[in-house]
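Participant: using only what follows, build the 3D model:
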Amino acid sequence: MKRKAYNILIISSTYAIVLFAMIRLINDSLVDAFYWSPSNMKFAYTDIITVLICSYVLFIFLFRWMNFCHRKKGTLLKEYTVVSIMVTLSVFVDMSITHSIWSCSFYWRNIPIAVITSNLLSSLFYSYFRNQIIRRENEMKSIQFQQIKNNQLQTELKLLKAQYHPHFLFNVLNTIYFQIDDNNETPRHTIDLLSDILRYQLYNDGEKVKVGNEIYYLKRYIELCKLRSKECLKLNVNFDDRLMDENIYPMMFTPLVENAFKYVGGDYIIDIKMELTADNFIYFEVANSIPEQELPKKKNASGIGLENLKRRLALLYPDKHLFEIVKEEGRFIAKLKIGF
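Facilitator: Predicted coordinates:
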């Protein structure tokens with residue numbers, strides 16, 4: 001803050017000295033007089049001090065006005081019109097104070113010279129610092145653009161590396177599938193489920209998909225999770241038949257299903273439903289029963305999946321989603337509402 005005030009003081013002082021010298025030079029040349037005569041020295045010093053003070057106040061306003069216009073992206077005509085009005089007003093205030101102190105009258109021929117000179121010089125100063133702000137902003141945008149490009153390249157490289165492993169695993173699963181005896185349906189079905197899930201995750205990571213495809217993936221995922229659960233599990237799944245052709249980002253609901261199967265306990269009940277709301281939102285709810293006495297949390301249970309989900313929602317559906325997790329009547333309930 002102090003540095004900013006100091007910079008304004010230096011800039012306004014430079015402007016004031018140059019302006020004062022220009023006006024005096026023009027006036028003295030026109031009237032063939034000498035302003036710095038011994039009889040005018042006190043008036044001249046008063047005039048200089050007044051110009052310095054008025055210029056400092058003027059530049060405080062000009063820099064604030066400059067930043068305001070830069071944020072609002074207004075028209076140049078309006079921006080420079082306000083600058084001209086404030087500079088002209090500053091000239092009249094300066095001349096009024098100086099002449100009031102020494103009780104002397106205006107020389108009206110001096111006013112047009114002071115106003116025109118002040119407006120020309122202030123426009124040069126204002127344009128210079130305005131262009132400096134634009135130049136710095138363009139440099140920052142250029143740096144950010146390069147950073148984004150570098151990040152994109154790094155992301156593409158990571159994706160290419162990451163894709164190698166699912167492809168390898170997918171091929172191995174296919175090999176194992178065909179090595180299992182045809183009569184052994186259970187492991188073949190499990191591998192088939194896992195292959196479908198991997199295929200979906202591999203080829204639908206980023207772009208929007210049809211809700212119908214997402215529902216099919218979720219059903220396969222739920223079926224696979226059920227195979228790993230206890231036989232006493234009571235699973236209720238309901239998907240709205242109206243949800244088919246809408247487009248959404250994939251795998252937004254998977255972490256909620258995963259958490260439900262991971263932490264289910266007590267009565268071992270999981271309820272999963274997805275429906276289309278009256279305001280044209282997708283409403284997804286997963287509820288799982290929990291033990292009467294909660295088990296101590298594992299050291300590695302950091303909730304990374306849910307944190308990633310929250311970040312994805314903030315990026316992909318800003319102001320178009322509602323996500324909450326509540327605990328009531330021996331159940332954990334995760335609710336997610338997404339707009340198209």
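Participant: so which strand or helix has T46?
Facilitator: helix 41-72 (DSSP states H and E).
Participant: off-centre distance for that helix?
Facilitator: 35 Å (CA atoms, centre = their mean, to the nearest Å).
Participant: now do stretch 10-30
Facilitator: For stretch 10-30, the distance to the chain centre is 45 Å (CA atoms, centre = their mean).
Participant: could I get the full set of helices for the stretch 151-300 of the chain?
Facilitator: Along the stretch 151-300 of the chain, the stretches classed as helices by DSSP state H, counting those that start in this stretch are 185-203, 211-227, 254-263.
Participant: reformat these as TSV; add distance to I10 and mean pLDDT.
Facilitator: Bear in mind the C-beta positions are built from the backbone N, C-alpha and C, glycine included. Below are those laid out as TSV (distance: least, CB to CB, whole Å; pLDDT from 0 to 100):
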stretch	distance to I10	mean pLDDT
helix 185-203	61	80
helix 211-227	62	90
helix 254-263	57	90
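Participant: nearest to W65, of the ones you listed?
Facilitator: helix 254-263 (49.5 Å; CB to CB).
Participant: that closest one versus helix 211-227: what angle between them?
Facilitator: 20 degrees (axes from the mean of the first three to the mean of the last three CA atoms, to 10 degrees).
Participant: buried set for helix 254-263?
Facilitator: Neighbour counts using 16 or more other CB atoms under 10 Å place 254-257, 259-261, 263 of helix 254-263 among the buried residues.
Participant: before we move on, back to that, the helices of the stretch 151-300 of the chain: which one's closest to R242?
Facilitator: Evaluated over the helices of the stretch 151-300 of the chain, closeness to R242 peaks at helix 211-227, with 9.4 Å, by CB to CB.
Participant: tell me the angle of the closest one relative to helix 185-203?
Facilitator: In terms of direction (the same axes, to 10 degrees), helix 211-227 departs from helix 185-203 by 140 degrees.
Participant: got the buried residues for stretch 316-324?
Facilitator: 317, 321, 323.
Participant: same question for stretch 117-126.
Facilitator: Residues 117-119, 121-122, 125-126 are the ones in stretch 117-126 that count as buried (16+ other CB under 10 Å).
Participant: from those residues, which is closest to H70?
Facilitator: Looking across the buried residues of stretch 117-126 and measuring by CB to CB, the closest to H70 is Y126, at 12.0 Å.
Participant: state the mean pLDDT of the helix holding T46.
Facilitator: Mean per-residue pLDDT for helix 41-72: 86.
Participant: quick one: which helix or strand includes Q144?
Facilitator: helix 110-179.
Participant: N308 versus the residue nearest to the spatial centre of the chain, what's the distance?
Facilitator: In the chain, the C-alpha nearest the mean C-alpha coordinate belongs to L315, at 9.4 Å (CA atoms, centre = their mean). L315 is 11 Å from N308, where distance means CB to CB, to the nearest Å.
Participant: the helix or strand where A16 lies packs against which elements?
Facilitator: Assigned by DSSP H and E, A16 belongs to helix 2-31. For helix 2-31, the packing partners by 3 or more CB pairs under 8 Å, 6 or more residues apart in numbering; DSSP states H and E come out as helix 41-72, helix 110-179.
Participant: that concludes my questions; thank you for your assistance.
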